[in-house]
Structure formats: structure tokens, C-alpha cells
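model this:
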Amino acid sequence: MNFSKYKKSIIACVLALGIGVGGGYYFFGNPVTHQTTVKEQTKQTKPITDTRNTYVVQAAKESGPAVVGITTQVFQKDIFNRTIYAGEGVGSGVLIDNEGHIVTNNHVVAGAKNGEVTVSLSDGSTVTGTVIGTDSQTDLAVVKIKPPKDIKPIKIGDSDSLQVGEPAIAIGNPLGLEFKGSVTSGVISALARTIDDQGQRFPLIQTDAAINPGNSGGALINADGELIGINSSKISKEGVEGMGFAIPINSAMTVVDSIIKNGKVVRPYIGVWAVDRQTAARNNVSYEGDGLLIVQLDQNGPAAQAGLVEGDTIAQIDGKEISTLLELKEQIDAKSPGDTILVSYTHNGKMKSTQLKLGQASSN
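So this is what the prediction gives:
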């Protein structure tokens, strides 16, 4: 097969490793346009009955205080290359520990001036938060604030135990802080969803709980009030309703822990750019193989050093079959830099295997 004629278009397609599922970020342009004023009514006139005190009410009371608003001042370059104020972006975040660490989306804090954002707490107070690290590949970021006196972080759940059909509750700030702490409920519609097979880093949770602009970085919780996902996006097309997506908390916390520890994400690196059957078809490449076709290598990277070349097809990692880019990322991300993996691949029609020592790559 002649790869050179397809190489440029394919590489442009597969080099993008960001998760690419933004869309829940609410931007207030400059000058400020008219905004709806919403008065919050919290007065309770009589005790709630057992019938009204549903799992949604209980879960929202338990976890709602841990959901915060994050406001980022946005600056842009004008035609004279001068930095000018463009407006404010508002998203959501989730307080996860007693040290004041908040998880949010990378696109919520992207471009924050001097790495600072304004954090609006559930009690109505605002504090300055510092962005301690981001990861564009997973669209996650961590903000640090001085722990409030009456801090109440959210309880971390187990996204691996989720079942399709079980209740799901989203808490965030749709359309800005005027609607802060909004609660919507639905069910877990599906698990392990892929909506961007080129850049997506891990499978997503699909829910029909309403997720709107401003919900980005907010909490998806289960009926016990435990954090099971970080709300990230929705599919916005005419005639499409109830298709929101969240980053599973088990996957997210691996990234978050690395950011808290290192200020960045340190992940293993294999040094290949490959396409699966679907990606090849979109680029008009005739490829009907079951594995991943290597279209380019880092010549100083682990794969090249182990003897793989362009045109080889990766079939298995440590004995597990690999047929999609997402499966490859999952297998590699489950390892650590310096680990050795067994790569089975096809070279000139013959199956081979080789030991490959993973390198190290860091997030931005």
C-alpha cells in the first residue's frame, strides 16, 4: 500500500489527542449584554413530607454544597496584537477534598489570566482560585482555593459499578451563575460511549439528565449523592434531546491525582500515530485490517526503538486484541512510564511480537 499519498491527511486526523467534548462553557461577551435576573427562593414554609423527600432531594442536599461556579476572565489579541479584555466565561467545578482542590474542565479555565479564576461557593461567597494544572487531552483541570471554614467536599463514587438505567443527577450552573446550583435528573443512558474516536482519551458516561452551557465541570452524581462523573458536553443538534456526556470519575481521578502531585499529567508514551478501520475509511484509505495501521512513528520513540515501522499493524497489547484507537489509549494509559509491554504486530504479512519499554509524555 502507498501510504505517502494519504499520510498528510491521516496524520492531521490522528495527531489531535484532546478529548474534544466541550460545549458546556457559558461566555459573556464584552460589552455585557442583557442578562436575566433570577431570584432564588430557598425559604421552606413547612417540613418536607416523606413522599417529597425523594432520592433526588436527598442527593442534592448531600452533594450540592460541593458544586461551585468558576468564572474566567477571557483576553484576546486585537488586529494590532494588543491584549484586550473580551469578556467572562462561566463554568462549574466540584470540591473533592478538605484541602480545597476543585475539579473542572480544562476548557473552563483555559486562558485564565495569571492562572487565576474566581470561585463562587454555594454559600454565596467568592474566593480566588489558582489553576494548579490542566490536561487538554482529557479536558480536565484542577483549581486550588483556601479551604473554607465549613468545607464539605463531595463523596467520590465508583463509576465502574454503574448500571444502565440507574438514576443520574447533574448539578451545575447552566447559563451562568444566575442559575447556580441547578439540579436536573435522569438516568444513566449508556456506558463506554465514544463520540470522538480520534482524540477521546477514555469512554464516556451518557445520561439524559439535562446538561447545558455552564454545566461544564459540574457534578454527575448517583442516587447516593456520590460523584460518578464530571459533566463535559452534550450533543446539540436539531431534534436531539437528552444526550449529555460525563467523564467517568474513576478515569478522571487518575488524571486529577497526577495534577495535584506533579502539577501536570505524566503518562506513558508509545510513539506511534495509527489509524483504525473507521479512521482509515473517513480518509479514503483502503484498509480492512482488524488492528491499528501505523502511519507514522517517532523515530526516537519506544515503538521505533523496538523495531516497528510504518505499515505495520498493531494487533495486541499484552495479549489483548486492539482494534480501535480508544482501546490502544486505554491499554497504554493503564501502564506507567518505564513499564514493559508485549506488542504483537503484523509485519509484511507475518505476525511478530516484541517487548517495548514505555517512555514518558507530559500534559501541557
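
give me the three-state assignment for residue 303.
Secondary structure state of residue 303, per DSSP: H, G, I helix; E, B strand; the rest coil, is helix.

ok, it - how many residues close by?
Each residue near residue 303 was counted by other CB atoms under 10 Å, and the total is 26. From N, CA and C alone the C-beta is placed, and that goes for glycine too.

how about stretch 308-328: buried residues?
Neighbour-count burial for stretch 308-328, counted by 16 or more other CB atoms under 10 Å, picks out 308, 310, 312-317, 322-328.

go through those and flag which are in strands.
Per DSSP state E, strands hold the following members of the buried residues of stretch 308-328: 313-317.

of those, closest to residue 193?
Within those, the smallest distance to residue 193 is 22.1 Å, found for residue 317 (CB to CB).

picking up where we left off before, looking at the ones in strands among the buried residues of stretch 308-328, which is nearest residue 280?
Lowest distance from residue 280 to those (CB to CB) belongs to residue 313, with 11.2 Å.

residue contacts, that closest one?
Residue 313 makes contacts with 289, 291-294, 345-346, as judged by CB atoms under 8 Å, 6 or more residues apart in numbering.

just the ones in strands from those residues, please.
With strands taken from DSSP E, the overlap with the contacts of residue 313 comprises 292-294, 345-346.

need these in CSV (columns: distance to residue 272).
Written out in CSV, the entries for the ones in strands among the contacts of residue 313 read as follows (distance: CB to CB, whole Å):
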residue, distance to residue 272
292, 8
293, 10
294, 5
345, 10
346, 14
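
pLDDT added to these, as a markdown table?
Output for the ones in strands among the contacts of residue 313, formatted as a markdown table (pLDDT from 0 to 100):
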| residue | pLDDT |
| --- | --- |
| 292 | 90 |
| 293 | 90 |
| 294 | 91 |
| 345 | 94 |
| 346 | 93 |
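
alpha carbons of stretch 112-123, as PDB, please.
Coordinates of each C-alpha in stretch 112-123 appear next as PDB, following Å, rounded to 0.1, in the frame of the first residue of the first chain:
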ATOM      1  CA  ALA A 112      -7.100  32.300  32.800                       C
ATOM      2  CA  LYS A 113      -5.000  35.400  33.300                       C
ATOM      3  CA  ASN A 114      -2.100  34.600  35.600                       C
ATOM      4  CA  GLY A 115      -3.600  31.200  36.300                       C
ATOM      5  CA  GLU A 116      -6.300  32.800  38.500                       C
ATOM      6  CA  VAL A 117     -10.100  32.300  38.400                       C
ATOM      7  CA  THR A 118     -13.000  33.500  40.600                       C
ATOM      8  CA  VAL A 119     -14.700  30.600  42.500                       C
ATOM      9  CA  SER A 120     -18.300  31.100  43.700                       C
ATOM     10  CA  LEU A 121     -19.100  28.900  46.600                       C
ATOM     11  CA  SER A 122     -22.600  27.500  47.400                       C
ATOM     12  CA  ASP A 123     -23.000  29.900  50.400                       C
END
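
any chance you could list what contacts that stretch?
By CB under 8 Å, 6+ apart, the surrounding residues in contact with stretch 112-123 are 64-73, 75, 93, 102, 109, 126-131, 143, 145, 148, 150, 177, 180-181.

in that stretch, what's buried?
Counting neighbours by 16+ other CB under 10 Å, stretch 112-123 gives 112, 117-122 as buried.

so of those, which ones are in strands?
Assignment to strands by DSSP E places the following of the buried residues of stretch 112-123 there: 117-120.
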